[in-house]
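Trainee: fold the following for me, if possible:
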Amino acid sequence: MKFWYNPNFIAIFFLVIFSTFALYDLIKPGFYTSHDGETHTARIAQYYIALEDGQFPPRWAKTLQGGLGSPIFVYIYPLPYLLGSAVHFLGISFTGSFKIIMAASFIFSAIFSYLWLKELLSSSKAAFVGSMFYVWAPYRFSLIYVRGSLSETLAYTFLPLLFLTLTKLSKKISLMRIATCALALAALLLSQNLIGYMASLVIIVYVAILAVNSKSLKFLAAAAIAALWGFLISSVTYIPVLFERKLIHFDELFQLVYRSHFVTLGQLIHSPWGYGFDLPGVVNDQISVQIGLAHILVLVLASLLIVLLTVKTLISLKNSSHTRNISFAIFFTAVAFVATFLTLENRFNIFIWDNFKPIEKIDIPWRFLGITTLGISFLAAYIAKNVKSAAFTIFLIFAVIFANRNHLRINKSIEYSDDYFFNYSGSATQLNEFTPRTRYSTGVTDAFVSPIESIKGNILIYDFIRKSNELSFKTQNNGPARIQVNLIKFSNWQTFMDGKKFTTDPSIVDKSFSFAYRPDIDTSGLYELIIPAGSHKFDFRYQETNLRRIADILSLVGLISALVALFPPKRFKEESLVPI
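Mentor: Model prediction:
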C-alpha cells in the first residue's frame, strides 16, 4: 500500500493524466495539417525503407528529390526516425507512428522534468509544478499541433533527462552514472542538433554550478568524460556533418535566414493562436510566439522572490533552507531572460546575431522560446518550494492549465496512406538543403518520369530493380547507346557493368552523342552512361565512405561500451558500480 501513497507515484500519475488530456486531439483518426508533420513522417518512411533494404545505419533516402534520391540521413538527426520505424514495424501506420512518438515524447518529457526537479530540489510538490510548466507551455503545444516538429519535441524530452543524470552524477560518481549521462547527451544530440547546440552553454554552466555546490573537481572530470562519451555515440551523424557538409548545398542556403524570424515584445506577451507560418516582417506572422501568461507571471514572481531571499540571506549572514538553491534560481532566471531577449527584433540583438557567428547557425531566433520555457519551469518549481501555501501551489497549476486551454487542438484532419509516404518525392526539408553539390539547382522537379531514359541509340532496358541502396538493370543494344540514370551523383555511389567497375568511355561514339539533353531541365549531377554494344548488366551500389565507416564504428563502440557499463556482466558488476 505504501507504493500507492508514494509522492513520486502520485505526481507522475497526475502528470500522465494531465498529459493525456493535453494530447487528446492526437487520438482522432487520420493525420492532421502542420508545418513539418508531413515531412517528418516522410522521413520515417524513407528511414524504414532504408532499414528494410539493409542500410545500417541508413544514409540514402530512395524516393526524395523527385525520385532522384537524397543523402539526407548522412547529415540529419536519426533518432526520431529510428523510433518511428520501430513503431511502424509493429504494424502501426506511418502517421500513427508519428503521433505515437510525438505523444510519448510529451509524456516522458513531463516525467523526466519531474524527476530532475525532484532530484535537485528534494520536493515532490515543487517538481510537479515545475514539470507542468515545462510541458504545458505555448511553445511546446506549438511544436505538436502547429509545427508538427517531431525532432524538437523529442529533444525537449531528453534535455531534462540529461540534467537529471548530471545532478545524480554530482552526488555520486560511478561508471554507471557517467554512462547514463553519456547516453542522455547522445539521445539529445541525435534527436535534434539545434536544440543540443542552443542548450550547450546552459548545460555547461549547470555543470559548473553543480561542481561549485558539490566542491568536486572529480565531478567536472566525470562530466567531461560523459560529454566525450556522448559525442562518441553521436559520431554516426556529427562526423559527416563536420567533415562532409561541403558535399551538399546546406551552408549557402542557410545564410542569414534568421533575419526574417525575429519577433516583438508584444508578440511574446500575447499573440493570437494561429496555424500559419512565420512570414518575413513581424506584422505578417500567422503563428503564435507567446511565452505564456502564466509563465510570465512566474518569471516576475521568481525575480521578486530571488531578490527577497538574497536580501534575507545577506542580513542573516547565513545560508537558510530557503536559499540553498538560489544559485540555480539566479542562473535559470538569467537563462529565461537571455533566451527571450535573443528572439527580439531590436538593433542591439540584430547586431549580436550579425556579428557573433556561432549563433547564426540557428535559423529561427524564436526557437529559443524552448530554452525560455526550460528556465521558467525551474523557477515555477523554485517558487512552489519556497512558498509553503498549498493554495498558492494549486493556483499555479490552475493558472498554467487555464492559460493554455485553447492550445490543445489540431487545425484540420487529413488522410495520408502509407503508400503516399513510401513514394514521397519531395525533399522532406525546408530549403532542399541536403541536395548534393553535383546538382546545379536545388529545387525538386517532377520532370523525371522514368528512372532510366534513353538519350541516343537503339537500346533495350529491362529487368529494372531499385532499392534505396542499389539500382540494377540489363541492357541489349547492337551499337553504342547513351542513357541517363536519374540518380543523383553522390560520394561513394559505385557503378558496375557485368560485375566490374564501370567508367563511361566517350571514345566509342561519334560527336553526335555530345549535345545538351533536354536543355530546359537541369540534368546536372545525374549519371549519363555510354553503353557499349552487347548484352550487359549494370549495378549502382551505395557504399559508405571511409570517413562514414569510421563514424559508424565509433558510434557502435561508444554505444556498446555504455550499455556494458549500465548492464555489466555478472562477474564485473560489483567492480563497475564502485565509485570512482
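Trainee: what helix or strand is residue 476 on?
Mentor: Using DSSP states H and E, residue 476 maps to strand 470-477.
Trainee: show me which residues of that strand are buried.
Mentor: Neighbour-count burial for strand 470-477 flags 470-471, 473, 475, 477 (criterion: 16 or more other C-beta atoms under 10 Å). Every C-beta, even on glycine, is put in place using the N, C-alpha and C of the backbone.
Trainee: which elements pack onto it?
Mentor: Contact here means 3 or more C-beta pairs under 8 Å, 6 or more residues apart in numbering; DSSP states H and E; on that basis strand 470-477 packs against strand 459-466, strand 481-488, strand 534-542.
Trainee: let's go with 10 Å and repeat that
Mentor: Secondary-structure packing of strand 470-477 (3 or more C-beta pairs under 10 Å, 6 or more residues apart in numbering; DSSP states H and E): strand 452-456, strand 459-466, strand 481-488, strand 493-497, strand 526-531, strand 534-542.
Trainee: tell me what angle that strand forms with strand 459-466.
Mentor: Counting by axes from the mean of the first three to the mean of the last three C-alpha atoms, to 10 degrees, strand 470-477 lies at 160 degrees to strand 459-466.
Trainee: OK, contacts around the nearest residue to residue 543 once chain neighbours are set aside?
Mentor: Computed as C-beta to C-beta, 6 or more residues apart in numbering, the closest residue to residue 543 that is not its neighbour in sequence is residue 492, at 4.9 Å. Shown in contact with residue 492 (C-beta atoms under 10 Å, 6 or more residues apart in numbering): 59-60, 71, 541-549.
Trainee: most widely separated two among those?
Mentor: Pairwise distances across these (C-beta to C-beta) peak at 18.0 Å, for the pair 541 and 547.
Trainee: now do the same contact list for the nearest residue to residue 29 once chain neighbours are set aside.
Mentor: Excluding the flanking residues, the one nearest residue 29 by C-beta to C-beta, 6+ apart is residue 413, at 7.5 Å. Contacts here follow C-beta under 10 Å, 6+ apart; on that basis residue 413 touches 25, 28-33.
Trainee: before we move on, what about residue 369?
Mentor: Residues counted as contacts of residue 369 (C-beta under 10 Å, 6+ apart) are 137-140, 142-143, 263, 268, 289-292, 295, 339-340, 342-343.
Trainee: what are the phi and psi values at the spatially closest residue to residue 57 that is not a sequence neighbour?
Mentor: Nearest residue to residue 57 in three dimensions, chain neighbours excluded: residue 236, at 5.6 Å (C-beta to C-beta, 6+ apart). Main-chain dihedrals, residue 236, degrees, to the nearest 10: phi -50, psi -30.
Trainee: burial of residue 236, as a residue count?
Mentor: Using other C-beta atoms under 10 Å, the number of residues around residue 236 comes to 24.
Trainee: so for the strand or helix carrying residue 110, mean pLDDT?
Mentor: According to DSSP H and E, residue 110 maps onto helix 94-121. Here helix 94-121 scores 98 as its mean pLDDT.
Trainee: buried sites along stretch 428-436?
Mentor: For stretch 428-436, a neighbour-count test (16+ other C-beta under 10 Å) marks 428-429, 432-436 as buried.
Trainee: what sits against residue 331?
Mentor: By C-beta under 10 Å, 6+ apart, the contact set of residue 331 is 202, 205-206, 208-209, 325, 375, 378.
Trainee: of these, closest to residue 65?
Mentor: For the contacts of residue 331, the nearest to residue 65 is residue 202 (36.1 Å; C-beta to C-beta).
Trainee: nearest residue to the closest one in space, please, no chain neighbours.
Mentor: In space, and not counting its chain neighbours, residue 202 is closest to residue 335: 5.7 Å by C-beta to C-beta, 6+ apart.
Trainee: now for the one you found, how many residues are close by?
Mentor: When neighbours are counted by other C-beta under 10 Å, residue 335 registers 23.
Trainee: return the backbone torsion pair for it.
Mentor: phi -60, psi -50.
Trainee: before we move on, back to that, turn the contacts of residue 331 into JSON lines, including pLDDT.
Mentor: Compiled in JSON lines, the contacts of residue 331 are given as follows (pLDDT from 0 to 100):
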{"residue": "202", "pLDDT": "98"}
{"residue": "205", "pLDDT": "97"}
{"residue": "206", "pLDDT": "97"}
{"residue": "208", "pLDDT": "96"}
{"residue": "209", "pLDDT": "95"}
{"residue": "325", "pLDDT": "84"}
{"residue": "375", "pLDDT": "98"}
{"residue": "378", "pLDDT": "98"}
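Trainee: show me the residues you listed that map onto helices.
Mentor: Counting by DSSP state H, the contacts of residue 331 place 202, 205-206, 208-209, 375, 378 in helices.
Trainee: ok, of the residues you listed, which come out buried?
Mentor: 202, 206, 375, 378.
Trainee: dump those residues to TSV, plus distance to residue 424.
Mentor: Below are these laid out as TSV (distance: C-beta to C-beta, whole Å):
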residue	distance to residue 424
202	36
206	40
375	38
378	40
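Trainee: what about the helices in the stretch 1-150 of the chain?
Mentor: 7-22, 37-52, 72-75, 79-89, 94-121, 124-135, 138-141, 150-171 (DSSP state H, counting those that start in this stretch).
Trainee: out of those, which is closest to residue 506?
Mentor: Among these, helix 72-75 sits nearest to residue 506 (C-beta to C-beta), with 30.7 Å.
Trainee: so what's the gap between stretch 115-130 and the chain middle?
Mentor: Distance, stretch centre to chain centre, for stretch 115-130: 26 Å (C-alpha atoms, centre = their mean, to the nearest Å).
Trainee: quick check: end-to-end length of that stretch?
Mentor: With C-alpha to C-alpha, to the nearest Å applied, stretch 115-130 spans 10 Å between its terminal residues.
Trainee: for that stretch, buried residues please.
Mentor: For stretch 115-130, the neighbour count (16+ other C-beta under 10 Å) marks 115-121, 123-130 as buried.
Trainee: swap in stretch 8-18?
Mentor: Buried residues in stretch 8-18, counted by 16+ other C-beta under 10 Å: 11-12, 15, 18.
Trainee: what sits against the closest residue to residue 226 other than its chain neighbours?
Mentor: Using C-beta to C-beta, 6+ apart and skipping the chain neighbours, the partner closest in space to residue 226 is residue 181 (3.6 Å). If you count contacts by C-beta under 10 Å, 6+ apart, residue 181 has them with 161-162, 164-169, 207, 222-223, 225-227, 229-230, 562.
Trainee: isn't there a helix covering residue 181?
Mentor: Yes: counting by DSSP: H, G, I helix; E, B strand; the rest coil, residue 181 is located in a helix.
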